[in-house]
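>>> for reference, the sequence and a predicted model appear below.
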Amino acid sequence: MSYSPEQLSDIESIRDVGRRYSHSLDRLDADGMRSAYWPDSLDDHGPEFRGNSWEYVDVAMESHKRWN
């Protein structure tokens, strides 16, 4: 399968968001993690959290401190 330049750019943009999310969570960088979400996006982590993604960042930062 071949991709157009636009499709390749879109694929790389999606990968970049995933890298920013993962790197920011690993480094407990709340602002970096928020940059992977739209401000009005929703996140569903099952019973632990359902709501605004930026609010989830605070939950994730707190829950991941134990591994820092």
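Sure thing, it's come through. Numbers count the residues shown, from 1 in each chain.
>>> ok, the most centrally placed residue in the chain to Pro5 distance?
Within the chain, the residue whose C-alpha comes closest to the C-alpha centroid is Tyr21; the distance, by C-alpha atoms, centre = their mean, is 3.6 Å. Tyr21 sits 25 Å away from Pro5 when distances are taken as C-beta to C-beta, to the nearest Å. Every C-beta, even on glycine, is put in place using the N, C-alpha and C of the backbone.
>>> do the same with Leu42
From Leu42 to Pro5 the distance is 32 Å (C-beta to C-beta).
>>> give me the more crowded residue out of these two.
A direct count of neighbours by other C-beta atoms under 10 Å for Leu42 and Pro5 places Leu42 higher, at 12 against 7.
>>> give the bridge partners for that one, please.
Counting by DSSP bridges, Leu42 is bridged to Asn52.
>>> touching, it and Ser53? I think so.
Yes - Leu42 lies in contact with Ser53 (C-beta atoms under 8 Å); the separation is 6.3 Å.
>>> quick check, Met61 in a strand?
No - using DSSP: H, G, I helix; E, B strand; the rest coil, the assignment for Met61 is helix, not a strand.
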